[in-house]
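Student: What follows is a predicted protein model with its sequence.
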Amino acid sequence: MNNQQQLANLIGLAQRAGKVISGEELVVKAIQHQEATLIFLANDAGDNLTKKITDKSKYYQIEVSTVFNTLELSMAVGKPRKVVTIVDAGFSKKMRTLMA
């Protein structure tokens, strides 16, 4: 199992643990309220969404990962999504080690 698959599994686990916020508006809110610890943005998301999430996360200094496309990200969380954020430091830390 490669790191990307492990990462997808971990996102699924975080989702089941209630540590994932998904969907554009909710993710933006989580960034603004500084709950977001790591953001996954689909690498095939539209320009508007990409710009909005990138700008917000740069301002609040939150890492954005684009290792997944929409399909992979949606499969990881079990619903169609282009952007999700992890709201748990423990999960984020483990995910960063897999991405490194």
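Tutor: Happy to help now that I have it. Numbers count the residues shown, from 1 in each chain.
Student: From here on, just use CA atoms for contacts and neighbour counts.
Tutor: OK.
Student: what about residue 13, how many residues close to it?
Tutor: Other residues near residue 13 number 16, with proximity taken as other Cα atoms under 10 Å.
Student: So it: helix, strand or coil?
Tutor: Secondary structure assignment for residue 13 (DSSP: H, G, I helix; E, B strand; the rest coil): helix.
Student: Spatially central residue for the protein, please.
Tutor: residue 40 (2.5 Å; Cα atoms, centre = their mean).
Student: helix or strand for that one, which one?
Tutor: Using DSSP states H and E, residue 40 sits within strand 38-41.
Student: Can you tell me what sits against that strand?
Tutor: With contact meaning Cα atoms under 8 Å, 6 or more residues apart in numbering, strand 38-41 is reached by 50, 53, 62-69, 73, 82-87, 92.
Student: what about 7 Å?
Tutor: 62, 63, 64, 65, 66, 82, 83, 84, 85, 86, 92 (Cα atoms under 7 Å, 6 or more residues apart in numbering).
Student: biggest separation within those, which pair?
Tutor: Checked with Cα to Cα, the contacts of strand 38-41 reach their widest spread between 82 and 92, with 18.2 Å between them.
Student: any idea how far residue 78 is from the nearest residue in space to residue 91 that is not next to it in sequence?
Tutor: What sits nearest to residue 91 in space, not counting adjacent residues and going by Cα to Cα, 6 or more residues apart in numbering, is residue 14, at 6.9 Å. Separation of residue 14 from residue 78 (Cα to Cα, to the nearest Å) stands at 12 Å.
Student: who has more neighbours, those two?
Tutor: Shown here are residue 14 and residue 78; by other Cα under 10 Å, residue 14 has more neighbours (21 against 13).
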